[in-house]
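# dropping the sequence and predicted coords here.
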Amino acid sequence: MEVASASAEPGRTWNSPHWTADDIGPDFAPMLDAMRVFHHRLAGARLPDDLTEEMRGIFERLGERLLEHQVPEERQIAGRIDIPGRGQLLVPNYELDAVEPDFLAGRLTYGRHFLGRNGAVYGGAIPLLFDSVLGRLANGPGRPASRTAYLHVDYRSITPIETELRFTAEVARQEGRKRFIRGTLSHGGTLCADVDALFLVLRPHQR
Ligand SMILES: CCCCCCCC/C=C\CCCCCCCC(=O)SCCNC(=O)CCNC(=O)[C@H](O)C(C)(C)COP(=O)(O)OP(=O)(O)OC[C@H]1O[C@@H](n2cnc3c(N)ncnc32)[C@H](O)[C@@H]1OP(=O)(O)O
């Protein structure tokens, strides 16, 4: 697949999406969705040996086929495409309900893939979400590229899997290169976690 709108022109932020849905063909996003469903079902499954063996063979063959399609980072699709999840599988998919210059709000459901124990989301999956959502706000339109300097996350109550959650992110203040951003994750009226983060605008030599 050749990607027509590839762009490495100077001035683009480091995490700009480089590709559009038209660049990747009709099956790429649904293929990733199928993989996400697969992750959740695999995490929740107890498999018979014959199925495990069959799956190992399928994965080995597919992995082999992917080898010949490896590309340099700037040409990869994962994380660089303007589709839900940005085309990568690390961060749980979320939907945005409000997008303002200094505020974002949205919803997500952590599936079984993200289970820690006893119905609770794995703790580390929460800063992962916050880094993505707050990073998106910190690097929003018209803002020069910034990187996470810290994410201070407080876990206020259990975050349930397979339950719709709501999140918010807002720019608290900007001081020179420092963007202080706050966020929350909640379930109904219950606050699950909140975060205070610092993003630092990169200097010209930084990447
Ligand atoms: C479906 C549609 C899709 C559309 C898509 C649209 C766009 C979407 C966009 C996005 C989505 C996803 C976005 C994800 C985003 C993820 C971002 C990351 O995770 S980045 C990886 C993790 N972070 C690092 O690896 C940084 C590593 N650290 C560094 O590189 C440096 O430390 C850096 C750049 C952060 C700072 O280094 P210095 O040398 O530039 O800055 P110094 O001079 O040390 O500090 C400047 C000031 O900041 C304070 N400072 C620095 N670090 C601090 C800290 N940890 N805590 C407190 N203060 C700190 C210092 O004390 C100093 O303050 P004084 O000016 O003196 O007042």
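That came in fine, so what should we check first? Numbering: from 1, shown residues only.

# not counting sequence-adjacent ones, nearest residue to the spatially most central residue of the chain?
Taking Cα atoms, centre = their mean, the centroid of the chain lies closest to residue 91, which sits 3.2 Å from it. Distances taken as Cβ to Cβ, 6 or more residues apart in numbering put residue 132 closest to residue 91, at 4.6 Å, once the chain neighbours are dropped. The way it works is simple: take the backbone N, C-alpha and C, and place the C-beta from them, glycine included.

# which pLDDT does the model give the residue of the chain found nearest the ligand?
Per Cβ to the nearest ligand atom, residue 135 is where the chain lies closest to the ligand, at 2.4 Å. Listed pLDDT for residue 135 reads 96.

# try residue 84
pLDDT at residue 84 comes out at 83.

# use 36 as the first number for this chain going forward.
Let's use 36 as the start, then, which means that last one is residue 119.

# follow-up on the earlier one: for the residue nearest to residue 126, helix, strand, or coil?
helix (DSSP: H, G, I helix; E, B strand; the rest coil).

# ok, the one 5 residues further on next?
Going by three-state DSSP, the secondary structure assigned to residue 172 is helix.

# repeat that for the one 10 residues further on.
When classified by three-state DSSP, residue 182 comes out as strand.

# got the contact list for it?
Counting by Cβ atoms under 8 Å, 6 or more residues apart in numbering, residue 182 touches 234, 235, 237, 241.
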